[in-house]
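# Need coordinates for the below:
(chains A and B)
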2 protein chains.
Amino acid sequence: MSAINIGLIGFGTVGTGVARILTENRDILHARTGLDLNLRSVADIDIQTDRGVDLTPGVLTTDAMAVVNDPEVDIIVEMVGGETFAKDVILAAIANGKPVVTANKALLAGHGGRIFRSAAARGVDLAFEASIGGCMPIVKALRESLVGNRVSAMIGILNGTCNYILSKITDEGISFREALAAAQESGYAEADPTLDVEGIDAAHKLTLLSSLAYGMELDLAHVYTEGISGIDPMDIEFARQFGYRIKLLAISKLHKRGVEARIHPTMIPENNLLSSVNGSLNAIMVSGDAVGDILLYGHGAGMMPTASAVVGDIVDIARNLSAGITGRIPLLGFLPDNVRKVPIISVDELDMHYYLRFAALDRPGVLSKISGVLGRCGISLQTVHQKGRKTDGAVPLVMLTHQAREADIQTALVEIEKLDVIKDRPVLIRIEEKNNLDASA
Amino acid sequence: MSAINIGLIGFGTVGTGVARILTENRDILHARTGLDLNLRSVADIDIQTDRGVDLTPGVLTTDAMAVVNDPEVDIIVEMVGGETFAKDVILAAIANGKPVVTANKALLAGHGGRIFRSAAARGVDLAFEASIGGCMPIVKALRESLVGNRVSAMIGILNGTCNYILSKITDEGISFREALAAAQESGYAEADPTLDVEGIDAAHKLTLLSSLAYGMELDLAHVYTEGISGIDPMDIEFARQFGYRIKLLAISKLHKRGVEARIHPTMIPENNLLSSVNGSLNAIMVSGDAVGDILLYGHGAGMMPTASAVVGDIVDIARNLSAGITGRIPLLGFLPDNVRKVPIISVDELDMHYYLRFAALDRPGVLSKISGVLGRCGISLQTVHQKGRKTDGAVPLVMLTHQAREADIQTALVEIEKLDVIKDRPVLIRIEEKNNLDASA
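Sure, this is the predicted structure:
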């Protein structure tokens, strides 16, 4: 039995899950791989709390760097999170020639350039399946299964917290604040939910996905990112009346002039498969020239699903170590020399369909004023809908546009907001029509 | 540029797709892998027909075995199909120490024991991702991504022909014969559709999946297999009234006493994600102890989706050849020494929910006669439904049972069929309730 020694840095939720799988499923891991995946060291600042994992005495330590520097440790599993100490751990491991497994999307999307370059230069493997979509094997799909495809688009629900909150608002008609509180109570949202609800976590993931799919340099800064904190139950109800569901979608499409990469609440047809992805679940659809559309679905977060992906990565690397090889697959799916700088197209330059809602005073001529501005901005309407009770003297006026340029829509909204018949800021939600989302074909 | 020479045997639909990807996407394959995947030889009995692929002159040959024996060929891609010549090709390639890629589920499920043993003994890789679910990376998921999981169940729609036909009957209310004719006309069914519509193709796939998931020996003979040729639009309509859809499901579950493995038309709740998998699309849900439920969805057949999976396998093997390694991953996901003989439990011994439909004469006492038999056999009813017009003097009498033993149901049906108030054979369709299909959780 060939032993591979694992150094686990970070004994939090996912780290604990990894330790559980490595100990409780050691037999099946050995039956499948022939390898003995030995949890040699577990480092954490808290080594007192009992995590319910049956560790060999002496395995726990508070000295993470001693683990990273231990010549007997073959693989470093970074489960610290954050962008400071985690980065030190990973760079030190790479400098020591040790392969790394991480789930740290924030670090990789934000500072991945240096990390991936260091790993490639030192010739060590760096695996990060668990950083996107938890247990869904999307990194493996892009780097391996779909290797023969020109990937043209990816559309996904990549943040379980947001999907949980939106499902809750949809099912119960409660406000964003109430749904967020429920999510926090159930453990689906953190005390500070900013990274999740403002779409930043999804942007981290989409940054990595776009690089894997198109061979482009990581470019988190240019991903358009809008969260769900402004979603009103009224818009979810209107969406339903028009046959749509609202999801926080991560959308990436490859065009000749660049890549579009955006995170925002999106209306999608209710018969689209992504509309059926509810609660904290995640899904991602990938379109390729050979494969057509393929969809992966599963738990995008949580102790054991995420740990499952980490262990898959550990085994991938252990198999390489056991065979005496490294660099079998380029870290980001393309040979470093073939990774190009591809511009991300500004959302202003995209043409989309829009849902607009105005809080308008119930007076004659309102509709003509609003539609006049839209017309002057070159925006034509598909549907106008005025119904429902007055709130604060205003009635909701809902419009669905034909395809329009985002910049024109924004110009029009600024002008409409200035009209004396308009109360409150206009609401804008982008629509992805079925022809752009063939998953349900 | 490191060249890997590929010998393609069989220039039919999928073979043509493979040749297209290798030629048309040679640039992106090289950008991702650094390898030059060179289509050195293409063998087929028909080398006259123009398949629209731009092949180097001299590549086409009618002599398949010359390709298999060519010392310059590094990988053999068997796209012949069938269980005779394809088997000769694969065994000869293995004997020559050449790794093999195939999509031949019938051959592997039926004669895989000898083939996998030969490959393992000779130390050559054998890849077969495309044989299950077309482009869906289910083999890779089971052998690699989910390696840390104890897999407990798999439920899938694995035959696109049947799903197309069932979707057609559901949407248009036409008969099986009409839907089959439409499927044949659209190229979704073969002239002889037996392998597909009788569930045999799905049984081939489930046999391979069960081996990959549980480390059990291939055991096609004991998979319970029932096709869709007996499906009546009336049952699809009744299913809808009860909130179900009818799908040809492949179901495999691991129990302490063995494995259940069955293919049959199945009613599933309409809000289950699998109910939304329509047309020729496939999906498979896998349950593991760490991962929870994960679902893969995509085109299960067709030239380019299947070829996409074949090319993924070619690249996997080419990466191994390039690194000078073989046997990195056990062929069936477990080391050969750890593959056990696991009994498949007879469907008679399973407890399920049932939909029963009787064509009963419209006379007093009919219901009591039928329910009397069911009661004596220990079967309790959840719903009884009698409605609809008389046909040939009989009315449809529909019953949903509580959980019951299949053997008891079969005993009861034999007895009920003998009743003088019953016309025609009773119809039985098994139900999978939501708690067994958590994909939509």
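# you'd agree residue A:32 is in a strand?
No - looking at residue A:32 with DSSP: H, G, I helix; E, B strand; the rest coil, it is helix, so not inside a strand.
# May I have the phi/psi pair for residue A:382?
Backbone torsions for residue A:382, taken as degrees, to the nearest 10, come to phi -100, psi -40.
# Residues in a beta bridge with the nearest residue to it once chain neighbours are set aside, which ones?
Spatial nearest neighbour of residue A:382, chain neighbours left out: residue A:400 (4.6 Å); criterion: C-beta to C-beta, 6 or more residues apart in numbering or on different chains. C-beta: built from backbone N, CA, C; applies to glycine. As for beta bridges, residue A:400 partners with residue A:355, residue A:383 under DSSP bridges.
# Settle this for me: residue A:400 is touching residue A:241, isn't it.
No - Residue A:400 is not in contact with residue A:241 according to C-beta atoms under 8 Å; the separation is 11.0 Å.
# More neighbours: which of these two?
Ranked by neighbour count (other C-beta atoms under 10 Å in any protein chain shown), residue A:400 and residue A:241 place residue A:400 first, with 19 against 10.
# count of residues packed around residue A:343?
So residue A:343, with other C-beta under 10 Å, has 12 neighbours.
# For residue A:17, which residues are in contact?
Residues near residue A:17 by C-beta atoms under 8 Å, 6 or more residues apart in numbering or on different chains: A:303-304, A:306-308, A:310, B:290.
# So is the longest helix seen in chain A next to chain B?
Using DSSP state H, we find that the single longest helix of chain A is helix A:303-323. Yes - Helix A:303-323 is in contact with chain B by C-beta under 8 Å from any C-beta of the partner chain, via A:304-305, A:307-309, A:311-312, A:314-316, A:319-320, A:323.
# would you list those residues in a markdown table and tack on neighbour count and pLDDT?
Compiled in a markdown table, these are given as follows (neighbours: other C-beta atoms under 10 Å in any protein chain shown; pLDDT from 0 to 100):
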| residue | neighbour count | pLDDT |
| --- | --- | --- |
| A:304 | 24 | 96 |
| A:305 | 29 | 96 |
| A:307 | 30 | 97 |
| A:308 | 32 | 98 |
| A:309 | 34 | 98 |
| A:311 | 32 | 98 |
| A:312 | 27 | 98 |
| A:314 | 28 | 98 |
| A:315 | 25 | 98 |
| A:316 | 24 | 98 |
| A:319 | 21 | 98 |
| A:320 | 21 | 98 |
| A:323 | 16 | 96 |
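# So the closest residue to chain B within the stretch 251-400 of chain A versus residue B:291, what's the distance?
Proximity of the stretch 251-400 of chain A to chain B (C-beta to the nearest C-beta) peaks at residue A:311, 3.3 Å away. Taking C-beta to C-beta, to the nearest Å as the measure, residue A:311 and residue B:291 are separated by 10 Å.
# what's around residue A:416, how many residues?
Neighbour count of residue A:416, defined by other C-beta under 10 Å: 22.
# quick one: it and residue A:358 touch, right?
Yes - contact between residue A:416 and residue A:358 holds when scored by C-beta under 8 Å: they sit 6.7 Å apart.
# what touches both of those two?
With C-beta under 8 Å, 6+ apart as the test, residue A:416 and residue A:358 both reach A:370, A:422, A:426.
# ok, the last one - contacts?
What it means is residue A:426. A:356-358, A:413, A:416-417.
# Just to be sure, residue A:55 is in a helix?
No - inclusion of residue A:55 in a helix is not indicated when three-state DSSP is applied; the result is coil.
# thinking again about what came up before, out of the contacts of residue A:17, who's nearest residue A:88?
Here the nearest of the contacts of residue A:17 to residue A:88, counting by C-beta to C-beta, is residue A:310; it sits at 19.7 Å.
# show me what contacts that closest one?
Counting by C-beta under 8 Å, 6+ apart, residue A:310 has contacts A:14, A:17-18, A:77, A:79, A:101, A:103, A:129-130.
# Now with 10 Å, please.
Neighbour list for residue A:310: A:8, A:14-15, A:17-18, A:21-22, A:77-79, A:101-103, A:127-131, A:134-135, B:148, B:290 [criterion: C-beta atoms under 10 Å, 6 or more residues apart in numbering or on different chains].
# same thing with residue A:110?
Residue A:110 makes contacts with A:83, A:87, A:104, A:203-204, A:207, A:218, A:220-221, as judged by C-beta under 10 Å, 6+ apart.
# Kindly reformat these as TSV containing secondary structure and neighbour count.
Shown next, in TSV, are the contacts of residue A:110 (DSSP: H, G, I helix; E, B strand; the rest coil; neighbours: other C-beta atoms under 10 Å in any protein chain shown):
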residue	secondary structure	neighbour count
A:83	coil	14
A:87	helix	19
A:104	coil	27
A:203	helix	28
A:204	helix	29
A:207	helix	28
A:218	coil	20
A:220	helix	22
A:221	helix	10
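# now those in CSV, with distance to chain B?
Output for the contacts of residue A:110, formatted as CSV (distance: C-beta to the nearest C-beta, whole Å):
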residue, distance to chain B
A:83, 27
A:87, 26
A:104, 19
A:203, 24
A:204, 21
A:207, 19
A:218, 17
A:220, 22
A:221, 25
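# how close does the closest residue in space to residue A:146 that isn't next to it in sequence get to residue B:26?
Excluding its sequence neighbours, the residue lying closest to residue A:146 (C-beta to C-beta, 6+ apart) is residue A:288, at 5.4 Å. Note on residue A:288: its distance to residue B:26, by C-beta to C-beta, is 16 Å.
# So which of the two has more stuff around it?
residue A:288 (26 against 15).
# With adjacent residues omitted, what lies nearest to residue A:107?
Leaving aside its sequence neighbours, residue A:107 sits nearest to residue A:83 (C-beta to C-beta, 6+ apart; 5.0 Å).
# contacting residues around that neighbour?
Residue A:83 makes contact with A:104, A:106-111, according to C-beta under 10 Å, 6+ apart.
# who touches whichever residue of the stretch 1-150 of chain A sits closest to chain B in this structure?
Per C-beta to the nearest C-beta, residue A:148 is where the stretch 1-150 of chain A lies closest to chain B, at 3.3 Å. By C-beta under 10 Å, 6+ apart, the contact set of residue A:148 is A:288-291, B:17-18, B:20-22, B:24-26, B:28-29, B:32-33, B:37, B:304, B:307-315.
# same question, residue A:331
Residue A:331 neighbours (C-beta under 10 Å, 6+ apart): A:108, A:112, A:115-117, A:119-120, A:124-128, A:143, A:211-212, A:339.
# Can you name the residues of the stretch 101-250 of chain A that neighbour chain B?
Proximity of the stretch 101-250 of chain A to chain B, by C-beta under 10 Å from any C-beta of the partner chain, involves residues A:129, A:134-151, A:212, A:214-215.
# out of everything not next to it in sequence, what's closest to the residue of the stretch 251-400 of chain A closest to chain B?
residue B:148 (3.3 Å).
# Please report how far the one you found lies from residue A:17.
For residue B:148 relative to residue A:17 (C-beta to C-beta), the value is 10 Å.
# Show me which of the shared contacts of residue A:416 and residue A:358 is closest to residue A:166.
Ranked by distance to residue A:166 (C-beta to C-beta), these are led by residue A:426 at 20.7 Å.
# looking at chain A, which helix or strand does the model trust least?
Ranked by mean pLDDT, DSSP states H and E, the weakest helix or strand in chain A is strand A:381-386, scoring a mean of 92.
# Can you give me the buried ones in that strand?
Within strand A:381-386, the residues scored as buried using 16 or more other C-beta atoms under 10 Å in any protein chain shown are residue A:381.
# again with stretch A:182-200
For stretch A:182-200, a neighbour-count test (16+ other C-beta under 10 Å) marks A:182-184, A:188-189, A:193, A:195-200 as buried.
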